[in-house]
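*Asks:* with the input below, show me the fold.
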Amino acid sequence: MKNRQDGFVTSDVILVLAAVCVLLFALHLFVSSSIAHTKTYKEYYIQKKEAEKLLEDIVSDMQELKFDDADFSDSVTIRNIETKYEENGLLIKDCSSGINERTFREDFLHNEKTVNFLSYKGEGVLKKYGFINKRWSDEKTRKKVEEELKENARFLVNSLPLVNIYMCDIDFLDLIAEHCGVKDYADKKNAFYELIFLKSFSREEASKRLGLSESSSFFDIFGVKTTFWKVSFFMQRFKVCAVVCAVPGENEKIAEYRVIELFVEEK
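*Replies:* Below you'll find the predicted structure:
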């Protein structure tokens, strides 16, 4: 005799099986999603490490700059490094040859000629990075930087010239020359400019043409080496931007180049 409950039992079984299938499908989606997420994170981590390794290689190549007497915008050393990594869009640019409002002393920054110069030139001549020179900073400025950077501030106070004369705005030369009291500068500046255009600037020759002592604070500002470089490139999913600093050695020489800031972001 047929059991009238059979139909209900069969329906219950189907409902249970359907529920189990839904749960299994949800579990499958969860596991698949977790695996995909783990794989994505692993790829992210590996690619990020590869980008950081590439930066290490670039900075290693930049050590060759130590042996160049001067740095130019068309430097052969820089051009060769950029060419080596051109598939990564490598760019190496000076980022310290100008006025750093954090390190220059206040009486210079608030001087009428400086204010007018900055108003005319705009942010293009302002630089975020730079060393501290005792004759071009003051105690208030140094103390503020020391509070911000703690023990690293001592590293920033040195005798390397602050600005690469071949990389800065030419009107900045006029501002500093006038500030340093160069007499009859209007009559002398063309002969002075010649040293720059011919890439033959030296403290000895510049002091003769400007009528300055070689110990003038003018030469605390101007040298021929860049002290901070901005390095940028891309790699796979990342855009990398770093600031590479020249570490001072003896006799105003550069001992090495070192990364002091690093930004890695997804493109």
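*Asks:* contacts for the top strand by length along the chain, please.
*Replies:* In the chain, assigned by DSSP state E, the strand with the most residues is strand 254-266. Outside strand 254-266, the residues that touch it by Cβ atoms under 8 Å, 6 or more residues apart in numbering are 48, 51-52, 55, 59, 62-63, 65-66, 160, 225, 227, 229, 237-249. The C-beta positions use only the backbone N, C-alpha and C, and glycine is treated the same way.
*Asks:* kindly recompute the last result at 7 Å.
*Replies:* 48, 51, 55, 59, 62-63, 65-66, 225, 237-249 (Cβ atoms under 7 Å, 6 or more residues apart in numbering).
*Asks:* got it, and stretch 76-91?
*Replies:* Taking Cβ under 7 Å, 6+ apart as the rule, stretch 76-91 contacts L54, I58, D61, M62, E64, L65, D68, I92, S232, F233, F234, M235.
*Asks:* ok, now stretch 55-69?
*Replies:* In contact with stretch 55-69 (Cβ under 7 Å, 6+ apart) are residues 71, 75, 77, 81, 84-85, 90, 224, 231, 240, 242, 244, 254, 256-257, 259.
*Asks:* any idea of the mean pLDDT for that stretch?
*Replies:* Averaging pLDDT along stretch 55-69 gives 97.
*Asks:* how about the helices in the chain?
*Replies:* 6-62, 76-84, 106-109, 112-121, 139-149, 153-156, 170-179, 185-197, 203-210, 218-221 (DSSP state H).
*Asks:* buried deepest among those, which one?
*Replies:* Of these, the one with the most neighbours on average (mean count of other Cβ atoms under 10 Å) is helix 218-221, at a mean of 21.
*Asks:* now the longest strand of the chain, how far from the centre of its chain.
*Replies:* 7 Å (Cα atoms, centre = their mean, to the nearest Å).
*Asks:* could you do stretch 48-65 as well?
*Replies:* Using Cα atoms, centre = their mean, the offset of stretch 48-65 from its chain centre is 14 Å.
*Asks:* try stretch 240-253
*Replies:* Using Cα atoms, centre = their mean, the offset of stretch 240-253 from its chain centre is 11 Å.
*Asks:* on that earlier part again, save the contacts of stretch 76-91 as TSV, and put in distance to K113 too.
*Replies:* Converted to TSV, the contacts of stretch 76-91 look like this (distance: Cβ to Cβ, whole Å):
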residue	distance to K113
L54	44
I58	39
D61	41
M62	36
E64	39
L65	33
D68	33
I92	32
S232	34
F233	39
F234	41
M235	45
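*Asks:* OK, contacts around R105?
*Replies:* For R105, the contact set (Cβ under 7 Å, 6+ apart) comprises W136, S137, D138, T141.
*Asks:* any chance of those residues in TSV, plus distance to L175 and pLDDT?
*Replies:* Converted to TSV, the contacts of R105 look like this (distance: Cβ to Cβ, whole Å; pLDDT from 0 to 100):
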residue	distance to L175	pLDDT
W136	13	95
S137	17	92
D138	18	88
T141	19	82
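*Asks:* distance to G98 added to the residues you listed, as TSV?
*Replies:* Conversion of the contacts of R105 to TSV gives the following (distance: Cβ to Cβ, whole Å):
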residue	distance to G98
W136	13
S137	15
D138	19
T141	16
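*Asks:* quick one: which of those residues has the most company?
*Replies:* With neighbours defined as other Cβ atoms under 10 Å, the most crowded of these is S137; it has 23 neighbours.
*Asks:* ramachandran angles for it?
*Replies:* phi -130, psi 180 (degrees, to the nearest 10).
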